[in-house]
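Novice: Please work out how this folds:
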Amino acid sequence: MSTENLYQVKVNNNLVETVEDGFNWSQGELLWQALSEQARELNIVGISDTEENLADWEDLDDDNIESLLKDAKEQGFIESFEIEEIKD
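Specialist: Numbering: from 1, shown residues only. Next up is the predicted model:
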């Protein structure tokens, strides 16, 4: 996938809001920030339940948006995600 395209991201069937028109593929850190800020609205669970959970959340793989979402799902923070390319 091209890093120049923009993507809409849904987590647990809820759209992740962003100040831009979408996320670039390589913007894993920006997506992580958005998920952290919108955790309650997106039904992301367990981030601050324990210090260990918080550390796991902070250490998620944010190399790109897909690796972040896969890691968050594997660690049980989210149930589902969708990445959809935004067409011009």
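Novice: mind listing the helices for the protein?
Specialist: Ranges of helices in the chain, per DSSP state H, are 28-37, 51-58, 65-74.
Novice: and stretch 43-60, how far apart are its ends?
Specialist: 17 Å (C-alpha to C-alpha, to the nearest Å).
Novice: if we can go back for a sec, with mean pLDDT and mean neighbour count as extra columns, can I get the helices of the chain in a markdown table?
Specialist: For glycine as for every other residue, the C-beta is placed from the backbone atoms N, C-alpha and C. Shown next, in a markdown table, are those (pLDDT from 0 to 100; neighbours: other C-beta atoms under 10 Å):
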| stretch | mean pLDDT | mean neighbour count |
| --- | --- | --- |
| helix 28-37 | 96 | 18 |
| helix 51-58 | 94 | 13 |
| helix 65-74 | 98 | 19 |
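Novice: right, so of these, which gets closest to Glu85?
Specialist: helix 65-74 (11.3 Å; C-beta to C-beta).
Novice: neighbouring contacts of the closest one?
Specialist: Residues from elsewhere that reach helix 65-74, judged by C-beta atoms under 8 Å, 6 or more residues apart in numbering: 7, 9, 11, 23, 25-28, 31-32, 35, 44, 60-62, 78-81, 83.
Novice: If any of those are buried, put those into a PyMOL selection.
Specialist: Listed next is the PyMOL selection for buried residues among those, using 16 or more other C-beta atoms under 10 Å:
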select buried, resi 7+9+11+23+25+27+28+31+32+35+44+60+62+78+81+83
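Novice: Please narrow the contacts of helix 65-74 to those residing in strands.
Specialist: Tyr7, Val9, Val11, Phe23, Phe81, Ile83 (DSSP state E).
Novice: Please report how far the fifth one lies from Glu51.
Specialist: Spelled out, that is Phe81. With distances taken as C-beta to C-beta, to the nearest Å, Phe81 is found 25 Å from Glu51.
Novice: quick one: terminal-to-terminal distance for stretch 25-45?
Specialist: In stretch 25-45, first residue to last residue: 24 Å (C-alpha to C-alpha).
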